[in-house]
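Student: Take this sequence and fold it.
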Amino acid sequence: MDWQNEYHDRLTTADSAVKAVKSGDRVAIPVYSNPSLIAGALANRLNELKGVTIMIGAAASDLPWYKPEAVSAFMIEPWYTSPYLPKPIRQMINEHRSDHRVCPSALLSKAFDEGRPDAPSLDVVLLDVSPPDHNGFVSLGAGVWDKKELVKYAKVSIAEVNKSFIRTGGDNFIHLSEIDHFVELPGSEEFRPPFPEVELSNTVKRIAAFVAPLIRDGDTVEVGAGSTSEAIVTAGIFAGRNDMGWHTERIPRGGVALVQQGIFNGANKTLHKGKAVATAVAFSREERDFVHQNPHFELYGVAYVNHLRTIAAHDNMVAINNALRVDLTGQVVADSFGPQMFTGTGGLPEYAIASVYAKNGRSIIVLPSVTSDGKISRIVPLIEEGSFITSPRQFTDYVVTEYGVARLFGKTQRRRAEELIAIAHPDFRAELEKAAKRTFWR
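Tutor: Okay, the predicted model is just below:
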């Protein structure tokens, strides 16, 4: 059991471990990691360090490095403006104290590829893991993402050990010999990100009623994060379906229950038949024991799960994703308001594009027709200048609001505009028709 001695030799305190970080270093915290103890120890060094870049996937703990006085010590580069901690991150970006990192989800670690002549260095990675098993392997818990790649590329890896981390099948482990320092988290309570409550509003229920007929028995499904896309899962879009399969960036809230109910058994999947495949999984405390060591669940790195080739290889692939706005050309914006970041692209571009390449594949974009106050249409004539297009118009397939379904794929610009106006809120249709005629008709 030599690994036990090796593990104990690498055990240290959070304060001691983060001394590995020097001024000017580049530090990464992967998506779906919340090593709050060691990250907090590093953030508390704001008076000692200068010019440390923190590349963070999706922030989940409010730390001193988000405050204005930390700007000389830490440059924060989020990839996803986290729903778990939105206010500090968005404020930091909007005040230009931060810089949003732009990268496809499946290529998050490619910048550090040792074969690239322009590859920047990665000095330290901070992540969280389970205790070692009887063979010295640690689990990456409920989310794999790019953790293994970042450990490979980093000069120093520091892992926070969380006794409550689950284990799954797939590629969800790493040998302790690849980690330089371990810091054990006191207690056994796993941090659960404060996911917003799923709201089953009348609007959500109406959208779900329009999406349900687009789903077929035996489909393989991706559901992106979002207040509408995840809510319609809970609203029952898969009720009465059979032999469904998961291949998704994150198995959404409500997705584990569908596996428990036998609706999602993966029986017809093209790849990983019989398995629920993702790079992360959302579960309630009650569902945790069902997922833990259940061979039906396989978690892999985001470079595999979200790769265009992997997604498109699935027959009957259905991608369901959330949008903030869709314009009359079919352009989808899901992560910004003008140049101000709201969330991040996530895997929406990959799934929206690859699903329409899949045999019998479909991409479904869902959104309420208006903002929550009813004053602004989410179907707009053209995306405003400065906004970032999350998914280009030529790959937009279905768009669904509470007023119906627009099928855009392969249609002319005028037909697209007509389809989208028909599912816009009635209060805005006349205005949209005038804009469409000015833009697309002589």
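
Student: Which parts of the stretch 151-300 of the chain are strands?
Tutor: Secondary structure of the stretch 151-300 of the chain (DSSP state E, counting those that start in this stretch): strands at 156-161, 169-170, 173-175, 181-184, 220-223, 245-251, 276-281, 297-299.

Student: For residue 377, find the nearest of these.
Tutor: strand 220-223 (24.8 Å; Cβ to Cβ). C-beta: built from backbone N, CA, C; applies to glycine.

Student: Sheet-wise, list the partners of that closest one with their directions.
Tutor: Partner strands for strand 220-223, per DSSP bridges, with pairing direction: strand 245-251 (parallel), strand 317-322 (parallel).

Student: Residues contacting the longest one, please?
Tutor: With contacts defined as Cβ atoms under 8 Å, 6 or more residues apart in numbering, strand 245-251 is touched by 105, 143, 218-225, 255, 259, 264-269, 271-272, 276-283, 297, 302, 305-306, 310-311, 314, 317, 346-347, 351.

Student: Hey, what's the angle from it to strand 276-281? Just curious.
Tutor: 10 degrees (axes from the mean of the first three to the mean of the last three Cα atoms, to 10 degrees).

Student: can you check the shortest one too?
Tutor: Here strand 317-322 points in a direction 30 degrees away from that of strand 276-281 (the same axes, to 10 degrees).

Student: for strand 317-322, the distance to its chain's centre please.
Tutor: 13 Å (Cα atoms, centre = their mean, to the nearest Å).

Student: Stretch 5-14 now?
Tutor: Using Cα atoms, centre = their mean, the offset of stretch 5-14 from its chain centre is 32 Å.

Student: Can you give me the buried ones in that stretch?
Tutor: 7, 10, 12, 14 (16 or more other Cβ atoms under 10 Å).

Student: Just these: which are in helices?
Tutor: 7, 10, 14 (DSSP state H).

Student: so can I have CSV of the residues you listed showing pLDDT and distance to residue 210?
Tutor: Shown next, in CSV, are those (pLDDT from 0 to 100; distance: Cβ to Cβ, whole Å):
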residue, pLDDT, distance to residue 210
7, 96, 53
10, 97, 54
14, 98, 50
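
Student: Tell me the one of the residues you listed nearest residue 88?
Tutor: Taking those together and measuring to residue 88 by Cβ to Cβ, the closest member is residue 14, at 21.2 Å.

Student: Quick check, the closest one in contact with residue 181.
Tutor: No. Between residue 14 and residue 181 there is no contact under Cβ atoms under 8 Å: 9.5 Å.

Student: circling back to that earlier point, now for the buried residues of stretch 5-14, which pair is the farthest apart?
Tutor: 7 and 14, at 16.8 Å, using Cβ to Cβ across the buried residues of stretch 5-14.

Student: Assess the claim that residue 364 and residue 398 are in contact.
Tutor: Yes. At 4.5 Å, residue 364 and residue 398 qualify as touching, with contact defined as Cβ under 8 Å.

Student: what separates stretch 199-206 from the chain centre, distance-wise?
Tutor: 23 Å.

Student: Going by neighbour count, list what's buried in it.
Tutor: Quick answer for stretch 199-206 (16+ other Cβ under 10 Å): 203-204, 206.

Student: Keeping just the C-alphas, turn that stretch into PDB.
Tutor: Taking only C-alpha atoms (Å, rounded to 0.1, in the frame of the first residue of the first chain), the coordinates of stretch 199-206 have been written out as PDB:
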ATOM      1  CA  GLU A 199     -40.200  27.800 -11.500                       C
ATOM      2  CA  LEU A 200     -43.100  26.100 -13.200                       C
ATOM      3  CA  SER A 201     -44.900  29.200 -14.300                       C
ATOM      4  CA  ASN A 202     -47.700  29.200 -16.800                       C
ATOM      5  CA  THR A 203     -45.300  30.400 -19.500                       C
ATOM      6  CA  VAL A 204     -42.900  27.400 -18.800                       C
ATOM      7  CA  LYS A 205     -45.800  25.000 -18.900                       C
ATOM      8  CA  ARG A 206     -47.000  26.400 -22.300                       C
END
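
Student: Now the phi/psi pair for the nearest residue to residue 93 once chain neighbours are set aside, please.
Tutor: Counting by Cβ to Cβ, 6 or more residues apart in numbering, residue 341 is the residue found nearest to residue 93 once chain neighbours are left out, at 5.2 Å. Torsion angles at residue 341 (phi, psi; degrees, to the nearest 10) stand at phi -70, psi 140.

Student: so what's residue 341 scoring on pLDDT?
Tutor: With respect to pLDDT, residue 341 has a value of 76.

Student: Who are the contact partners of it?
Tutor: So residue 341 contacts 81, 90, 93-94, 100, 335 (Cβ under 8 Å, 6+ apart).

Student: Sitting in helices, which of the residues you listed do you find?
Tutor: Reading helices off the contacts of residue 341 with DSSP H, I get 90, 93-94.
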